[in-house]
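[1] this one's structure only:
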């Protein structure tokens, strides 16, 4: 396993792989790897000749008041995990390597970036699309792997790839959950055991939504109302948003018809957590519909 | 020579070239090809195994009141020119192919895009960087060719390529001029013979600037004042701007030291024309300095 810290060195190695026509699977991460990341790495390992993992806490996707400084970092452990999973190359640049003095260029997916989480994290998705564009240009992967946990991020990246004609296939894998149902997140490390128990309300609210819709409810307002009830029972939880939107424009839908993305952000104490579910009414048509909606790949359901 | 109109077909052809490791030289154009374009095509032909020319009048780089509709188009003539120069592939998409309904993604080089021409053409350079990013992703060239005529455009594209780590070499070739000294431009077609005579004031002002600086003048204000005098003698000419700036940030310089970009935009009647010169005091150090300033390539001097 190679650890590469410099763009110059990465270019040389990637150039050599490309000239040998080796297929490259790429998993971009901010490190602090958990089972969610590892599931992406395993898929990349299975489907490609070479696996590249980037570990880079991307400063431009954090707001001024967000947790850039205290975001968990554990390179040693990440290294061991990557080795165990058979990763070939870790790209682990420092900030100056990625954003040298005088850096000026940004990629923006308009509209989608200002909704849901984007409403509360201005500039966040521009930071994500910019760093992913850079990493795609550097690593030139055949396939890149993302988790459904960050559904909005994935949809925005897929839109960027489509709009800018990037020669990359974007694969989306299911959210990996702890046994309790809590979605895996590097930020779970901020939670005490007690708070982890409180954090289960996100998943509980999503399960409630699925039950209601499965039993015939098609009014998003009613679904959201019941989800709020579930969450508000817990005194530690403070809802930032719950939205039921379409998968293409991420805009609120008036009625739940074929499909919906149910997304929410909730503060558990001072820790902000997100989760989501994608609902399809017609299970039989599910795969067809999903792949049409998302064009390049099937959105996993969790 | 292949003419390709669909992205799907282009992907197939480029994929095949890539798998054969053929080097690709790319010349992006808006068609209506003149000797300036042809000089780029000839350089691409000389330096690459395959030459791709794109012909696409990019709507998103035109302002609402600009000349998108009447911009000269002459595909038949362009085709003949490309054939004669040994072009392998012409990519000639229509607007829907490049910007399908729901298009949302833009690449912006902040700062540089708001100066000089950008001040008077808001959104113009965002339109340019976005389409060039798309074309680079589609054609995956080893080298792309641009003319110094559009100096600001080239500097912005070089900045985008550098910032986003695009695996493309940007080559800049000298402005090609008519015998009279008028810089070649597709928009020269808007000019009558009389107006073409009036249009020579742009070049005359640049020559005056070079003379002054060559004789020791180092105050940009004084140089601009004398350039204005040259242009204002002509009643048909109306200056939009004359700026003397550094090559990196495109910001006005207080004193002309090592180098300067002298750029101007002038209306001749209703036709807006641009021209520029890059000045280096120390001719001996010229190549060294230029290549350091522009990192990837030598900016040609005309």
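    Yes, it's here. All of these numbers come straight from a predicted model, not from anything done at the bench. Residues are numbered from 1 along each chain as shown, chains lettered A, B, ... in the order given.

[2] quick check: beta-bridge partners of residue A:109?
    residue B:105 (DSSP bridges).

[3] quick one: average pLDDT of stretch A:230-245?
    Averaged across stretch A:230-245, the pLDDT comes to 98.

[4] what residues of it count as buried?
    By neighbour count on 16 or more other Cβ atoms under 10 Å in any protein chain shown, the buried set for stretch A:230-245 is A:230-231, A:234, A:237, A:239-240, A:242-245. Where C-beta positions appear, they are placed from N, C-alpha and C, glycine not excepted.

[5] which residues in the stretch 51-200 of chain A form helices?
    For the stretch 51-200 of chain A, helices defined by DSSP state H, counting those that start in this stretch occupy the ranges A:75-84, A:95-98, A:117-120, A:124-139, A:151-163, A:193-214.

[6] buried residues in the last one?
    The reference is to helix A:193-214. A:195, A:198-206, A:208-209, A:212-213.

[7] identify the residues contacting it?
    By Cβ atoms under 8 Å, 6 or more residues apart in numbering or on different chains, the surrounding residues in contact with helix A:193-214 are A:177, A:180-183, A:188, A:191, A:222-223, A:226-228, A:230-231, A:233-234, A:236-237, A:242, A:244, A:256, A:260, A:262, A:264, A:266, A:268-269, A:271, A:273-277, A:279, A:281.

[8] could you do the third one as well?
    When contacts are taken as Cβ under 8 Å, 6+ apart, the neighbours of helix A:117-120 outside the stretch itself are A:112, A:124-125, A:152, A:240-241, A:263, A:265, A:274.

[9] and these near chain B, which?
    For chain B, the contacts drawn from the contacts of helix A:117-120 by Cβ under 8 Å from any Cβ of the partner chain are residue A:112.

[10] of the contacts of helix A:117-120, closest to residue B:86?
    Taking Cβ to Cβ as the measure, residue A:112 is the one of the contacts of helix A:117-120 closest to residue B:86, at 43.2 Å.

[11] list the contacts for the closest residue to that closest one other than its chain neighbours?
    Residue nearest to residue A:112 in three dimensions, not counting chain neighbours: residue A:156, with 5.0 Å by Cβ to Cβ, 6 or more residues apart in numbering or on different chains. Neighbouring residues of residue A:156 by Cβ under 8 Å, 6+ apart: A:109, A:112-113, A:125, A:128-129.

[12] what's the spacing between residue A:156 and residue B:234?
    Taking Cβ to Cβ, to the nearest Å as the measure, residue A:156 and residue B:234 are separated by 51 Å.

[13] quick one: name the residues of the stretch 151-300 of chain A near chain B.
    Within the stretch 151-300 of chain A, the positions adjacent to chain B are A:159-160, A:163-167, A:248-249 by Cβ under 8 Å from any Cβ.

[14] hmm, 10 Å instead?
    Counting by Cβ under 10 Å from any Cβ of the partner chain, the stretch 151-300 of chain A comes close to chain B at A:156, A:159-168, A:248-249.

[15] tell me how chain A divides into domains.
    A:2-173, A:186-283 (automatic domain parsing).

[16] of these, which approaches residue B:105 most closely?
    The minimum distance between residue B:105 and those falls on domain A:2-173, with 3.6 Å, by Cβ to Cβ.

[17] quick one: terminal-to-terminal distance for the closest one?
    End-to-end distance for domain A:2-173, by Cα to Cα, to the nearest Å: 25 Å.

[18] show the average pLDDT along it.
    For domain A:2-173, mean pLDDT rounds to 97.

[19] equivalent analysis for stretch A:193-210, please.
    Averaged across stretch A:193-210, pLDDT comes to 96.

[20] now the contacts of residue A:156 in CSV, with distance to residue A:143 and neighbour count?
    Shown next, in CSV, are the contacts of residue A:156 (distance: Cβ to Cβ, whole Å; neighbours: other Cβ atoms under 10 Å in any protein chain shown):
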residue, distance to residue A:143, neighbour count
A:109, 20, 24
A:112, 22, 24
A:113, 24, 28
A:125, 22, 25
A:128, 18, 25
A:129, 18, 26
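
[21] wait, which of those residues is closest to residue B:43?
    Nearest to residue B:43 out of these is residue A:129 (Cβ to Cβ; 33.2 Å).

[22] residue A:116: neighbouring residues, count only.
    Counted with other Cβ atoms under 10 Å in any protein chain shown, the neighbours of residue A:116 add up to 25.

[23] show me the contacts for residue A:135.
    A:10, A:26, A:28, A:52, A:54, A:56, A:58, A:91, A:93, A:98, A:141, A:144, B:164-165 (Cβ atoms under 10 Å, 6 or more residues apart in numbering or on different chains).

[24] correct me, but residue A:55 touches residue A:71?
    No: the pair residue A:55 / residue A:71 is not scored as a contact, 12.0 Å apart, by Cβ atoms under 10 Å.

[25] list residues touching both of those two?
    Each of A:30-32 lies in contact with both residue A:55 and residue A:71 under the rule Cβ under 10 Å, 6+ apart.

[26] of those residues, which is the nearest to chain B?
    Sorting the shared contacts of residue A:55 and residue A:71 by how near they are to chain B, with Cβ to the nearest Cβ, puts residue A:30 at the top with 18.3 Å.

[27] excluding covalently adjacent residues, which one is nearest to residue A:66?
    Counting by Cβ to Cβ, 6+ apart, the residue nearest residue A:66 is residue A:121, at 7.4 Å.

[28] actually residue A:110, not the one I wrote
    Nearest residue to residue A:110 in three dimensions, chain neighbours excluded: residue B:104, at 4.8 Å (Cβ to Cβ, 6+ apart).

[29] that neighbour and residue B:58: what is the separation?
    As judged by Cβ to Cβ, residue B:104 and residue B:58 stand 17 Å apart.

[30] ok, residue A:111 touching residue B:104?
    Yes: between residue A:111 and residue B:104 there is a contact under Cβ under 10 Å: 5.4 Å.

[31] anything in contact with each of those two?
    A:156, A:159, A:249.

[32] residue in the stretch 1-150 of chain A nearest to chain B?
    Closest point on the stretch 1-150 of chain A to chain B, by Cβ to the nearest Cβ, is residue A:105, at 3.5 Å.

[33] just list the residues touching that residue, thanks.
    By Cβ under 10 Å, 6+ apart, the contact set of residue A:105 is A:130, A:133-134, B:107-113, B:129, B:133, B:156, B:159-166.

[34] what's the burial count for residue A:26?
    Residue A:26 has 26 neighbouring residues, counting by other Cβ under 10 Å.

[35] cheers, nothing more for now.
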